[in-house]
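*Asks:* Build me a model from this:
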Amino acid sequence: MALDRQRIVTEAVALLDAEGLEGVTLRKLAARLGVRQPTLYWHLPSKAALVTALAEAILDQEFPELAPPEPDERWQDWLGGLAERLRRALLAHPDGARVLSASQLSLRMAAISELAMSTLVTRGVPLRQARVIVLTIERFTVGHVLEEQAPRPDAKALDGFDMTVFAEQHPTMVSGIAEYFAPGRTVDDLFRECLDLVIAGATARSDPHRE
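*Replies:* Next up is the predicted model:
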């Protein structure tokens, strides 16, 4: 099979799924493809280019095409849905948020930002505020997923940890976590509620009639 950029990126995504971002190296990728490492440089001249290609592939899976909201759809609801799709795209692969954060220039992410900003401007949000709103939503989403995908403490890190003492020292925090998830809420619910709060604040600031 001929070696082309698409085949390289497809194999790189498979390597990411198998070993996470730390395991994605040009050496390992070349071995999986059965070629010498310098061969890859014709298509991806550096590790940075490889990471950017991974980011594009991750986003393309969830955003094969982009469309503005329907005429009767609130921009707040549409923007929230866009953020949820971005989260799904990043969660679909180990270290997805790290890949996007480390990418140098994702044209697909730029297209998402362009559509979001132009949509808000079309709906009457001033350009400066539209940029800040979109940037805030994107960074909140990526940051949230970074936290979700962060490694959990291992046994060594928890050695000597006393949950009873911790709860006594942080009663409000522990009670708040227990209260929130007790009715069966999930991390998806938590993301959506936090996102709604961010969007509500953005809506208030973009209202030209507010005092």
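
*Asks:* Give me the below-cutoff pLDDT ranges for this structure.
*Replies:* 1, 206-211 (pLDDT under 70).

*Asks:* Identify the single longest helix in it, thanks.
*Replies:* Counting by DSSP state H, the longest helix found in the chain is helix 127-149.

*Asks:* Show me the helices in the chain, by range?
*Replies:* Going by DSSP H, the chain shows helices at 5-19, 26-33, 37-40, 47-62, 75-91, 96-102, 107-122, 127-149, 163-169, 171-181, 187-206.

*Asks:* hmm, who's touching the third one?
*Replies:* Pointing back at helix 37-40 there. Leu3, Ile8, Leu26, Arg27, Leu29, Ala30, Leu33 (C-beta atoms under 8 Å, 6 or more residues apart in numbering). (Glycine included, C-beta is placed from N, CA and C.)

*Asks:* And the second one, by the same measure?
*Replies:* Residues from elsewhere that reach helix 26-33, judged by C-beta under 8 Å, 6+ apart: 3, 7-8, 11-12, 14-15, 19, 36-37, 39-40, 44, 47, 50.

*Asks:* Equivalent analysis for the longest one, please.
*Replies:* With C-beta under 8 Å, 6+ apart as the contact definition, helix 127-149 has outside contacts at 79, 82-83, 86-87, 90-91, 94-98, 100-101, 109, 112-113, 116-117, 120-121, 125, 187, 191, 194-195, 198-199, 202, 205-206.

*Asks:* and those, which are buried?
*Replies:* 79, 82-83, 86-87, 90-91, 94-98, 100-101, 109, 112-113, 116-117, 120, 125, 191, 195, 198-199, 202, 206 (16 or more other C-beta atoms under 10 Å).

*Asks:* Report the separation between the residue nearest the centre of the chain and Val9.
*Replies:* Geometric centre of the chain, nearest residue: Val142, 3.8 Å, by C-alpha atoms, centre = their mean. Val142 is 21 Å from Val9, where distance means C-beta to C-beta, to the nearest Å.

*Asks:* Please apply the same query to Gln169.
*Replies:* Gln169 sits 48 Å away from Val9, going by C-beta to C-beta.

*Asks:* Show me which of the two is the more surrounded one.
*Replies:* Val9 (19 against 10; other C-beta atoms under 10 Å).

*Asks:* how about the more buried one, what does it touch?
*Replies:* By C-beta under 8 Å, 6+ apart, the residues touching Val9 are Ala53, Leu54, Glu56, Ala57.

*Asks:* number of nearby residues for the last one?
*Replies:* Residue neighbour count, defined by other C-beta under 10 Å, stands at 18 for Ala57.

*Asks:* That one: what's it in contact with?
*Replies:* Contacts of Ala57 (C-beta under 8 Å, 6+ apart): Val9, Thr10, Ala12, Val13.

*Asks:* what about the second one, how many residues close to it?
*Replies:* Put plainly, it is Thr10. When neighbours are defined as other C-beta under 10 Å, Thr10 has 12 of them.
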